[in-house]
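Peer 1: sequence and computational prediction follow.
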Amino acid sequence: MEALDLTALTAAEIVERVHDGRLSAVEVARAHLARIAEREPWVGAFQEHEPERVLAEAGAVDSRPDRFALPLAGVPVAVTDNVDVAGYPTRHGSAATSSEPARRDDELVKRLRGAGAVMIGKTRMSELGIWGFTHSALGVTRNPLDLELDPGGSSGGSAAAVAAGMAVLAFGTDGGGSIRVPAAYCGIVGLKPTVGLVSVEGVTPLSPTLDHVG
C-alpha cells in the first residue's frame, strides 16, 4: 500500500486523524518539515523557521490532555512576517527593521496555539506590505506553480508555502488585495474577512479601515 502523503491532507483531515489517534502532531510536523527541506531552497517562502522549535511545539500539542477536542490539533500554520510570533523577528519584509525577536505572540497566534495549531515558520512578504510582489532585500519568493513567476504580494510567502505543501494554512494580511492576489497567483483559496472581525493586535498597522487578517 502506498504511504499516505501527510502534506496532502487538509486541515480537517489532519484534525480528524489526530483526534482519533491515527496521527500525532509530531508526525504531521515532521512531514511538513521534510517538505520544507525539499522545496524551500527553490521556492523561498520562509523568512524564518526552526525545525527544533516546530517539533517541540507539536510535541506539546500531543501531550495536552484536551488534544482530542482541539479544533486545529496538529495543523501546521505559517505566519506572515508582519505578525508577531514570540522568539522570531518581525521584519515586515524590510531590511530596515529590527532583527530582535518578538517578545510575545500576536493575539491570533495565541488563539491558534490555544486551538492546537503548530506555527511552522514566518513567511516572506513584500517590503512593508506595500507591493504586489514578494521580492525584497531579505529575499525572493518564487511561485511554486512556475518558478519563473512571482507569487504576488504582499503575502506571497504564505501563498507559496501553502501551494508547495509546506504549510496547510497560512496567515495573510490584506489592505488592497494582499491575501487575494497571492492566493489567485498560486492557485489556492484566500479569505479576506470583514474589517474588524478578526483582531489585528500585534500586526503591523497600515490603515485603520483597510487592514484585515485572514
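Peer 2: Yep, it's here.
Peer 1: helices along this structure, start to end?
Peer 2: For the chain, the helices defined by DSSP state H occupy 11-19, 25-43, 51-62, 107-114, 156-163, 180-186.
Peer 1: could you say which of the ones you listed is packed most deeply?
Peer 2: Stretch with highest mean neighbour count among the helices of the chain: helix 156-163 (a mean of 33; mean count of other C-beta atoms under 10 Å). Every residue, glycine included, has its C-beta placed from N, CA and C.
Peer 1: export only the CA atoms of that one, formatted as CSV.
Peer 2: Only the C-alpha atoms of helix 156-163 are listed here, as CSV (Å, rounded to 0.1, in the frame of the first residue of the first chain):
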residue,chain,number,x,y,z
GLY,A,156,3.3,35.9,-1.3
GLY,A,157,5.4,33.7,1.1
SER,A,158,2.3,32.5,2.8
ALA,A,159,0.5,31.6,-0.5
ALA,A,160,3.7,29.9,-1.8
ALA,A,161,4.1,27.9,1.4
VAL,A,162,0.6,26.5,1.1
ALA,A,163,0.7,25.9,-2.6
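Peer 1: which helices and strands sit right next to that helix?
Peer 2: Identification of packing neighbours for helix 156-163 by 3 or more C-beta pairs under 8 Å, 6 or more residues apart in numbering; DSSP states H and E yields strand 46-48, strand 76-80, strand 118-123, strand 169-170, helix 180-186.
Peer 1: redo the ones you listed as a markdown table? Include distance to Val140 and mean pLDDT.
Peer 2: As requested, these are exported to a markdown table (distance: least, C-beta to C-beta, whole Å; pLDDT from 0 to 100):
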| stretch | distance to Val140 | mean pLDDT |
| --- | --- | --- |
| strand 46-48 | 11 | 96 |
| strand 76-80 | 16 | 97 |
| strand 118-123 | 13 | 98 |
| strand 169-170 | 18 | 98 |
| helix 180-186 | 14 | 96 |
